[in-house]
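1. Just need the structure, nothing else, for what follows:
(one chain, ligands or ions: 1)
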Amino acid sequence: MKIICTKDYEDLSRKAAELIAEQILLKPDSVLGLATGGTPLGIYRCLTQLYRNDQIDFSSVTTLNLDEYVGMAPDNPGSYAYFMEQNLFSHVNISPERCHIPSGLAKSADAECRRYDQLISVLGGIDLQLLGLGNNGHIGFNEPSDTFTAATHCVALSESTRSANARFFSSLEEVPTQAITMGMNGIMNAKQILLCVSETSKSEILREVLFGPVTPSVPGSVLQYHPNLTVIADADACSCLPSEYRY
Ligand code: PGA
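-> Modelled structure (predicted):
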C-alpha cells in the first residue's frame, strides 16, 4: 500500500489524474473502473484539461462504472450515467460504446448484475480502478454488512449513504433506496486501485479502512489485501492517520 498525502483537494485531483493519464499512456486500450460522487469531480476536471492539452487520448479506453441507482434512466440528472456524461464523457474523445454503467432500468436487476460481471470478465478485468470512500466505509455501494459480497449485486442503500447523497437531489425522499454495485471481486481483481479521499469528515473512517481490522462492517478495509493499492488523500483526510502519513 502506498499512501500519498496531498496539501489539498486540488493537489489530490491533479495527482490522481496524472496517475490515470500515466496508465493510459502506458496502455492506450486500458480498462478504467470509474467512480462517481463529489471526490472524483476534480479528477475528471483535471483529466479533461489534460485531454484539451493533447496530453491524453481516450480513443481506445474502455470504462466500467462502479454503480447505478435502481430505477433511474440515464437521462435522469440524478443517475450516475448522467453524472459521467456531464463530468467526463462529453468532454473527452471517449467512444460511447466503450463506456459501461450498470443499467438502472433493467427489467431484472439480477440478470443485469450477471451481465455486468460477464462484461468485466470479457473485457479482461480492470486495469485501474478509481474509488472514493463512503462516510460509512463503503466502496462502490458495497455497504457495511456481515459478509463481503463478491459478485455485482443489488443493494439496499443505508440511511447514512442516502443522507450523504441527498445533496445531489432536491430532497432526501428523492434519493433512490436501491442500487446495483460492482462487488468485491470486480474491484479487488483490478490490477491497480486508486483510492481517493478528501475532507476531515472522512479522516476517522480512512484510518479504520487502512489500519483497522479487515471486516465487512468496514467494507473498504478489504483493500488492505490488494497488492497494488495507492491511496491519495488530502491533508484533512489524513489528519487521523499515523504521523508518518500526515501532511
Ligand atoms: P463522495 O462519495 O466522493 O461524494 O464523498 C464517496 C462514496 O460514497 O464512495
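2. Run through the neighbouring helices and strands of the helix or strand harbouring Ile187.
-> For Ile187, the enclosing helix or strand under DSSP states H and E is helix 184-188. The contact analysis (3 or more C-beta pairs under 8 Å, 6 or more residues apart in numbering; DSSP states H and E) places helix 184-188 against helix 109-122. (C-beta placed from N, C-alpha, C; glycine too.)
3. Mind listing what's buried along the helix it packs on?
-> Ala109, Glu112, Cys113, Tyr116, Asp117, Ile120 (16 or more other C-beta atoms under 10 Å).
4. if we can go back for a sec, the following helix or strand past the helix holding Ile187 near the ligand anywhere?
-> Sequence-wise, the next helix or strand downstream of helix 184-188 (DSSP H and E) is strand 192-197. No: judged by C-beta under 6 Å from any ligand atom, strand 192-197 stays clear of the ligand, getting no closer than 7.9 Å.
5. Contact residues of this protein facing the ligand?
-> Gly37, Gly38, Thr39, Gly132, Leu133, Gly134.
6. In CSV: the buried residues of helix 109-122, plus pLDDT.
-> Shown next, in CSV, are the buried residues of helix 109-122 (pLDDT from 0 to 100):
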residue, pLDDT
Ala109, 95
Glu112, 98
Cys113, 98
Tyr116, 98
Asp117, 98
Ile120, 98
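7. which of these lies closest to Ile24?
-> Ranking the buried residues of helix 109-122 by separation from Ile24, with C-beta to C-beta as the measure, puts Ile120 on top at 18.8 Å.
8. how close does the closest one get to Val31?
-> In this view, Ile120 and Val31 are 8 Å apart by C-beta to C-beta, to the nearest Å.
9. residues shared between the contacts of the two?
-> Leu64, Ile126 (C-beta atoms under 8 Å, 6 or more residues apart in numbering).
10. Work out for me the element Val155 sits within.
-> Assigned by DSSP H and E, Val155 falls within strand 153-156.
11. in that strand, what's buried?
-> If you call a residue buried by 16+ other C-beta under 10 Å, then strand 153-156 has these buried ones: His153, Cys154, Val155.
12. about what we covered before: and the buried residues of helix 109-122, which is closest to the ligand?
-> Nearest to the ligand, judged by C-beta to the nearest ligand atom, of the buried residues of helix 109-122 is Tyr116 at 17.9 Å.
13. from memory the closest one sits against Pro102, does it?
-> Yes: using C-beta atoms under 8 Å, Tyr116 is in contact with Pro102, at 5.2 Å.
14. so what sits against both of these two?
-> Joint contacts of Tyr116 and Pro102 (C-beta under 8 Å, 6+ apart) are Thr152, Ile180, Met182.
15. separation between the second one and Val222?
-> So the one you mean is Ile180. Distance of Ile180 to Val222, computed by C-beta to C-beta: 19 Å.
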